[in-house]
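> any chance you can model this:
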Amino acid sequence: MTRRLKDDCFRHDRDRLKHDEVIALIQRVRALSPDVTLVVGGHTAAAYPAPFATAGVDAVVVDDGERVLPAICTALERGEPLTAVPGLVLPSADGPVRTFGDSRTFEIDEVPLPARSHVASWRKQYACLAHRPAWLVETARGCPFRCSFCSIWQLHARTVRERSIGFVCEDMASVGDHIFIADDLFWYHPARSLELAHELRARGIRKEWILVQSRVDLVARNDTLLAAWRPLAKQFDIFFGLEAATNEGLIDLSKDATVDHTAAGVDVARRLGYGVTGNFVVDPAWREPDFERLWAFIERHRLYQAAFTILTPLPGTAYFEQMRERLRARRWSHFDMHHLLWEPALGAERFFELYCETWRRSVLNLRGRKSVWQWLREVDPVNAIFLLRALRRTQKMMDPHHYLNEYDLAPSADGIAKCLGPQLVNVRR
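Reported below is the predicted structural model:
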């Protein structure tokens, strides 16, 4: 079965290659090997498949890749058409169409442990600033919340699927001492999370550093749970989606939290010895008082280890539908939460001056908040050069000219069409 797809999903948060680069790579491979089957996948493609369903691409994976890829291989081996494989978007003369058929919930325990030995030769390239090599572990997948700028919850239909306690413990035991837990929302299920903490401790699994992603309101309500997890790593950081410094801003983003939750969650985390990192969203509609309120909030709560992204209407999100008519992006690379896609209220020059001033208030500012020598005192000497290179690149975020040099809203007759991809139509098999 196939059905009409809404032209409604996109996010550039985890995929290393953006649309333009993927299509260019496909064209190169297709020229070298015309008969090979080419499949595109990953979060970006699954969330917004239309632009990838183009010449040279045989299929776009829009379901869990661990389920779909084996089915594709089986179909190819048997000589069956890809229309028989559920979870794909396929190019056609009438427009991209989606295949359906397997309604069974895919349990992530069905995914075997990663064959990490295949990347052993370049494991050290996995890093999070001073932590290298870093290892990725997934204990759950999905998020039930409804933030307007995010496509995670829409892609997973506001569900959360969890790995079993034993599976997670086995995975945690198999990796190194610096771990990024990739769950979209860690500690979502408090009872299960507490059981997992107790089991990891019973098995003697303890790490040098762990980073998780969570919400301030969840942490504020579960200090006992946080206390149980803290002994499992020498250093333990929490990345919060802080998003806004006012309740009005949080409401506009459908965050379903308040600034009081922010204060309480940060207090619980710090009191228990966690490192607090996070992200704020900067709206192109802001005036100078909006920036000043954010700066005051940062100072009041000492949120210096934070990042700042420009509110971007990623296709597929509610915000995209709201702002679709204003889009002036000419390239997919502009959908990165660091480019302006329309003229800001303050004008580009003043907006970027204040945006960069916001970045200067973070620990990444080597000329202000934290010196390079302070950074180096916290890192293993073997990683010092790697860290210096990374920090050097971050200094561009404090230079308005860096952003202005890439600011381009010049009209383009087919720019929007190229960004949004072909119209998806209803075609029956």
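> now the strands for the stretch 51-200 of the chain?
For the stretch 51-200 of the chain, the strands defined by DSSP state E, counting those that start in this stretch cover 59-61, 88-90, 97-98, 135-137, 140-142, 160-162, 178-181.
> worst mean pLDDT among the ones you listed?
Per-stretch mean pLDDT for the strands of the stretch 51-200 of the chain is lowest at strand 97-98 (a mean of 90).
> ok, it: who's next to it in the sheet?
When pairing is defined by DSSP bridges, strand 97-98 lines up against strand 88-90 (antiparallel).
> could you list the residues in contact with the strand it pairs with?
Outside strand 88-90, the residues that touch it by C-beta atoms under 8 Å, 6 or more residues apart in numbering are 5, 49-50, 52-53, 58-63, 68, 72, 82-83, 96-99. Glycine gets a C-beta too; all of them are placed from N, C-alpha and C.
> one more time with 7 Å, if that's ok
Residues from elsewhere that reach strand 88-90, judged by C-beta atoms under 7 Å, 6 or more residues apart in numbering: 5, 49, 53, 59-62, 68, 82-83, 96-99.
> any idea of the mean pLDDT in stretch 278-294?
97.
> swap that for stretch 324-339, sorry
On average, stretch 324-339 scores 78.
> any idea how far that stretch is from the middle of the chain?
17 Å (C-alpha atoms, centre = their mean, to the nearest Å).
> will you turn the strands of the stretch 51-200 of the chain into JSON lines that also has distance to R331 and mean neighbour count?
Shown next, in JSON lines, are the strands of the stretch 51-200 of the chain (distance: least, C-beta to C-beta, whole Å; neighbours: other C-beta atoms under 10 Å):
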{"stretch": "strand 59-61", "distance to R331": "20", "mean neighbour count": "24"}
{"stretch": "strand 88-90", "distance to R331": "22", "mean neighbour count": "24"}
{"stretch": "strand 97-98", "distance to R331": "26", "mean neighbour count": "23"}
{"stretch": "strand 135-137", "distance to R331": "29", "mean neighbour count": "18"}
{"stretch": "strand 140-142", "distance to R331": "30", "mean neighbour count": "21"}
{"stretch": "strand 160-162", "distance to R331": "34", "mean neighbour count": "17"}
{"stretch": "strand 178-181", "distance to R331": "29", "mean neighbour count": "21"}
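> Serialize the ones you listed to a markdown table and add fields for distance to V29.
Shown next, in a markdown table, are these (distance: least, C-beta to C-beta, whole Å):
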| stretch | distance to V29 |
| --- | --- |
| strand 59-61 | 14 |
| strand 88-90 | 18 |
| strand 97-98 | 23 |
| strand 135-137 | 26 |
| strand 140-142 | 29 |
| strand 160-162 | 33 |
| strand 178-181 | 30 |
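> go through these and name the closest to Q322.
Closest to Q322 of those, according to C-beta to C-beta: strand 140-142, at 23.8 Å.
> for the closest one, name the packing helices and strands.
When contacts are defined as 3 or more C-beta pairs under 7 Å, 6 or more residues apart in numbering; DSSP states H and E, strand 140-142 packs onto strand 160-162.
> what segments of the stretch 201-350 of the chain are helices?
With DSSP state H, counting those that start in this stretch as the criterion, the stretch 201-350 of the chain has helices at 216-220, 223-229, 247-252, 259-271, 288-301, 318-323, 348-360.
> could you save those helices as a markdown table and add columns showing mean neighbour count and distance to R192?
Formatted as a markdown table, the helices of the stretch 201-350 of the chain follow (neighbours: other C-beta atoms under 10 Å; distance: least, C-beta to C-beta, whole Å):
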| stretch | mean neighbour count | distance to R192 |
| --- | --- | --- |
| helix 216-220 | 23 | 13 |
| helix 223-229 | 18 | 10 |
| helix 247-252 | 16 | 27 |
| helix 259-271 | 19 | 20 |
| helix 288-301 | 15 | 30 |
| helix 318-323 | 17 | 29 |
| helix 348-360 | 18 | 37 |
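> mean pLDDT lowest where, among those helices?
Taking the mean pLDDT of the helices of the stretch 201-350 of the chain, helix 318-323 comes last: a mean of 79.
> which elements pack onto that helix?
Secondary elements touching helix 318-323 (3+ C-beta pairs under 7 Å, 6+ apart): none.
> who touches that helix?
Counting by C-beta under 7 Å, 6+ apart, 148-149, 313-314 sit against helix 318-323.
> Serialize those residues to TSV and add fields for neighbour count.
Below are those laid out as TSV (neighbours: other C-beta atoms under 10 Å):
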residue	neighbour count
S148	16
F149	22
P313	22
L314	22
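> out of these, which comes closest to W375?
F149 (30.4 Å).
> tell me the pLDDT of that closest one.
Per the predicted model, pLDDT is 88 at F149.
> how near is the closest residue to it other than its chain neighbours to T246?
Nearest residue to F149, sequence neighbours excluded (C-beta to C-beta, 6 or more residues apart in numbering): Y319, at 5.1 Å. Distance of Y319 to T246, given as C-beta to C-beta, to the nearest Å: 17 Å.
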